[in-house]
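Chemist: dropping the sequence and predicted coords here.
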Amino acid sequence: MNSSSERNDIEAGEGNCELYENLDEGSSATEWCQEAQATASSAKDYTSSTLKEVFTIAETGVRFTDVVCLETGTLLAVDDVKNFIWAYDSNGARLRKTKLSSPPWALTVVDTTQVGVTLCQNSLQFLTFNEKSKRFRKDKTILLDEMPRAVIYADNCLYVTFEEKVKKLTFDGIIVTELAVLEASQLLFGISYSNGNVIVADSGFEAPHSVHEITMDTNPLVKQQKKYSVLTYPLGITADPEGNIYVGGYGSNNVIQVSKNGDVLKEILSSSSGYNSPMGINFSSDGLKFFLTHENKITVFEFQ
């Protein structure tokens, strides 16, 4: 494993996106964001709440594979058809799109303006988004010896999924620990971090598909494996501030909410909801907004 660095400004593409709003009469996305920020300190009961769609962003001829939200409210997403990283403001208006060197899979937020992206060319690319100039800057690239799937930045380390492995890396790309997940079905994908462990979606070839809870300390091991018959090809996975887990079934067109113990609490988005082929799912840093990529769309939700 090697690491190479470079810095430069990247030009943006042009074009407009479609924005679909589903707001209460007399309100706007801006007002909604202001109200959400004002109630950021309010406790959320995620297990008794339901999702309310706020707005959807759509682009032509893409497949959004992941989405994250910076602390500023800026949304960043990647697609593996046109191979862009996209930036949108908190109202869903496009700010910029920038070409990546190969198809991207997943994103993770590193700090207030920097993200990491897994690329199919066996690498992790780090970029910083300048909120003032609306430009991306390449920071560094970590070269890997195999193709990464997803990545999460936590505790000053990078946790990366590969086909059958999970690796814990320093920010310079040095392997701290790694684990070959023998229980895996040969296609580990989405990864999240909760209560000191990584949670990994296993979208292998054999159903029922499962989720692994793994400790990646000096003696990494699978602490828990749960199989879910309601999921087909789970890809996206995330956790709320209370530690509940959310898993999206790419093949089953649904998203389930799972307790810390791995028990299914409910299906928060069913196959009849119309959010087909969900991939990337994430929360905002304050836990008030929930983001979902599905086909060529990004939908923003709030819990109510």
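Modeler: Nice, thanks for sending it over.
Chemist: can we go C-alpha only for contacts and neighbour counts from here?
Modeler: OK.
Chemist: can you tell me how far residue 226 is from residue 214?
Modeler: The spacing between residue 226 and residue 214, counted by C-alpha to C-alpha, to the nearest Å, is 12 Å.
Chemist: looking at these two, which one has more neighbours?
Modeler: Taking other C-alpha atoms under 10 Å, residue 226 and residue 214 do not tie; residue 214 has more neighbours (21 against 15).
Chemist: so what's the more buried one closest to, chain neighbours aside?
Modeler: residue 222 (4.4 Å; C-alpha to C-alpha, 6 or more residues apart in numbering).
Chemist: try residue 114
Modeler: According to C-alpha to C-alpha, 6+ apart, the nearest residue to residue 114 is residue 128 (4.2 Å).
Chemist: so which helix or strand takes in the one you found?
Modeler: Taking DSSP states H and E as the criterion, residue 128 maps to strand 123-130.
Chemist: just for the protein, where's the confidence low?
Modeler: Counting by pLDDT under 70, the low-confidence segments of the chain come to 1-43, 183-186, 205, 207.
Chemist: quick one, helices of it?
Modeler: 29-38 (DSSP state H).
Chemist: about what we covered before: got the buried residues for the strand holding residue 128?
Modeler: Residues 123-129 are the ones in strand 123-130 that count as buried (16 or more other C-alpha atoms under 10 Å).
Chemist: go on, stretch 195-214?
Modeler: 197-204, 208-214.
Chemist: return the subset of the residues you listed lying in strands.
Modeler: Secondary structure defined by DSSP state E assigns 197-202, 209-214 of the buried residues of stretch 195-214 to strands.
Chemist: okay, among these, which ones form the most distant pair?
Modeler: 197 and 209 (19.7 Å; C-alpha to C-alpha).
Chemist: all strands for the stretch 201-304 of the chain, in order.
Modeler: Using DSSP state E, counting those that start in this stretch, the strands of the stretch 201-304 of the chain run over residues 209-215, 221-228, 234-239, 245-249, 254-258, 264-269, 278-283, 289-294, 297-303.
Chemist: the residue nearest to residue 289 when sequence neighbours are not counted bridge partners, please.
Modeler: Nearest non-adjacent residue to residue 289, counting by C-alpha to C-alpha, 6+ apart: residue 302, 4.9 Å away. Listed beta-bridge partners, residue 302: residue 52, residue 289 (assigned using DSSP bridges).
Chemist: tally of neighbours for residue 302?
Modeler: Residue 302: 18 surrounding residues under other C-alpha under 10 Å.
Chemist: wait, it sits on residue 52?
Modeler: Yes - between residue 302 and residue 52 there is a contact at 5.4 Å, judged by C-alpha atoms under 8 Å.
Chemist: who's in contact with residue 71?
Modeler: 112-113, 284-285 (C-alpha atoms under 8 Å, 6 or more residues apart in numbering).
Chemist: pull out the buried members of those.
Modeler: 113, 284-285.
Chemist: make CSV out of the residues you listed and add distance to residue 237.
Modeler: Shown next, in CSV, are those (distance: C-alpha to C-alpha, whole Å):
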residue, distance to residue 237
113, 22
284, 14
285, 15
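Chemist: among the residues you listed, which one lies nearest to residue 57?
Modeler: Taking C-alpha to C-alpha as the measure, residue 57 lies nearest residue 284 of those, at 16.5 Å.
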